[in-house]
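Q: below are the sequence and a predicted model; questions follow.
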Amino acid sequence: MYFKTLKIIVVYLGGLLTGLSLILYPALGTIFTDSTHFGFSSNQFSGIFIPQIIFAIFSALFTPFLVSKWGMKKMLFLGSVSLFLSTFLLFSSHFFMTNKSEALAIIYSGTSFLGLGFGLVITVLNPLAFQLFPKNPLASISGLHFSLGLGTAGAPLLVGMLHNPNLWWYLPLILVFVLIVWMVLILFLKVSESENNISFTKLKIPLRLWGFIAIIILYGICEGALGSYGAVFLKEQGLSIQTASFGLALFWGGLAFGRIAFGLLSVKFNMKWATLVSALLAGFLFYFI
């Protein structure tokens, strides 16, 4: 019972911390682009997410094969170390705000570790969450996505709650210490052989799945555009850093709520038409924005 409780804490706390780590960089976009802080240009700010995307894709693709060789616990711990390094580098960057080139290099390194850690952690946490409650796997996965959503919404909300934007570096510093606690908990985690035993046969991707992948890529572009640049867009419209950050928190909070709502409703209802209407509505709102 003790190890089961520990695994529940590790999984859902991991989802929360991963969400916080992932969105803390874009949530601080107003700080990065503000002339009184880092003063990055639009191109420089956009560029910091390129290594994150590359490392996230490759780590997510290769993690299942690494898990089958070294086990889930080692890969989860490696992912937590990557998130720790990413957050620590973000904190450290405030010492170099007067030197834009050095600060940018540190941020690039941080987003690289962020992508690596995100791909590792999420790829491991999903099957771990699925196996927490075998009789109700939907609730297990929905709980993980909800904790992840809380993290993604919480990061910009915390930025918006700062009375003095100059103290933004306190956020990654606090997150660094919480990540250390999570890493210690992972060391005591017990993962069974059956959970580590992931076998791969010849992978055949049907044509319909390729269509789904294309849709997901388009959706990822839309989510990434608002999630990464939403606060910056709002600040350019004349809003304060706090208000712009709150707007970004609303976006991620709405995303988390939507995932939970669709997950629960899909148990009893056919969500095909709701999905179509939602896609059309999202397209209209993008045009309107």
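A: Cool, got the structure.

Q: which stretches of the stretch 51-200 of the chain form helices?
A: Remark: helices assigned in the stretch 51-200 of the chain by DSSP state H, counting those that start in this stretch are 72-92, 100-130, 137-160, 170-187, 193-196.

Q: what's the mean pLDDT across the first one?
A: What it means is helix 72-92. Average pLDDT, helix 72-92: 95.

Q: report the angle between that helix and helix 100-130.
A: Relative orientation of helix 72-92 versus helix 100-130 (axes from the mean of the first three to the mean of the last three Cα atoms, to 10 degrees): 150 degrees.

Q: give the other helices and strands that helix 72-92 contacts.
A: When contacts are defined as 3 or more Cβ pairs under 8 Å, 6 or more residues apart in numbering; DSSP states H and E, helix 72-92 sits against helix 2-27, helix 50-70, helix 100-130, helix 170-187. For the C-beta atoms, the positions are set from N, CA and C on the backbone; glycine is no exception.

Q: could you dump the helices of the stretch 51-200 of the chain to TSV with distance to residue 220 and mean neighbour count?
A: Formatted as TSV, the helices of the stretch 51-200 of the chain follow (distance: least, Cβ to Cβ, whole Å; neighbours: other Cβ atoms under 10 Å):
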stretch	distance to residue 220	mean neighbour count
helix 72-92	20	22
helix 100-130	13	21
helix 137-160	14	21
helix 170-187	24	17
helix 193-196	28	12
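
Q: among these, which comes closest to residue 229?
A: Comparison of those against residue 229 by Cβ to Cβ identifies helix 137-160 as nearest, at 12.2 Å.

Q: what packs against the closest one?
A: Packing partners of helix 137-160 (3+ Cβ pairs under 8 Å, 6+ apart): helix 2-27, helix 100-130, helix 170-187, helix 207-236, helix 241-265.

Q: these into JSON lines, with extra columns for mean pLDDT and distance to residue 41?
A: Formatted as JSON lines, the helices and strands packed on helix 137-160 follow (pLDDT from 0 to 100; distance: least, Cβ to Cβ, whole Å):
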{"stretch": "helix 2-27", "mean pLDDT": "89", "distance to residue 41": "16"}
{"stretch": "helix 100-130", "mean pLDDT": "92", "distance to residue 41": "9"}
{"stretch": "helix 170-187", "mean pLDDT": "95", "distance to residue 41": "22"}
{"stretch": "helix 207-236", "mean pLDDT": "81", "distance to residue 41": "11"}
{"stretch": "helix 241-265", "mean pLDDT": "80", "distance to residue 41": "18"}
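
Q: redo these as a markdown table? Include distance to residue 42.
A: Converted to a markdown table, these look like this (distance: least, Cβ to Cβ, whole Å):
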| stretch | distance to residue 42 |
| --- | --- |
| helix 2-27 | 13 |
| helix 100-130 | 13 |
| helix 170-187 | 23 |
| helix 207-236 | 8 |
| helix 241-265 | 15 |
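
Q: mind checking how far stretch 169-182 is from the chain centre?
A: Centroid separation for stretch 169-182 versus its chain: 16 Å, with Cα atoms, centre = their mean, to the nearest Å.

Q: put the alpha carbons of it into CSV.
A: Extracted C-alpha coordinates of stretch 169-182, given in CSV (Å, rounded to 0.1, in the frame of the first residue of the first chain):
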residue,chain,number,x,y,z
TRP,A,169,13.5,34.5,-10.9
TYR,A,170,12.0,33.4,-7.6
LEU,A,171,9.6,31.2,-9.5
PRO,A,172,12.2,28.9,-11.2
LEU,A,173,14.2,28.9,-7.9
ILE,A,174,11.2,27.6,-5.9
LEU,A,175,10.5,25.1,-8.7
VAL,A,176,14.1,23.8,-8.5
PHE,A,177,13.7,22.8,-4.9
VAL,A,178,10.3,21.1,-5.5
LEU,A,179,11.9,19.2,-8.4
ILE,A,180,14.6,18.0,-6.0
VAL,A,181,11.9,16.6,-3.7
TRP,A,182,10.3,14.8,-6.6
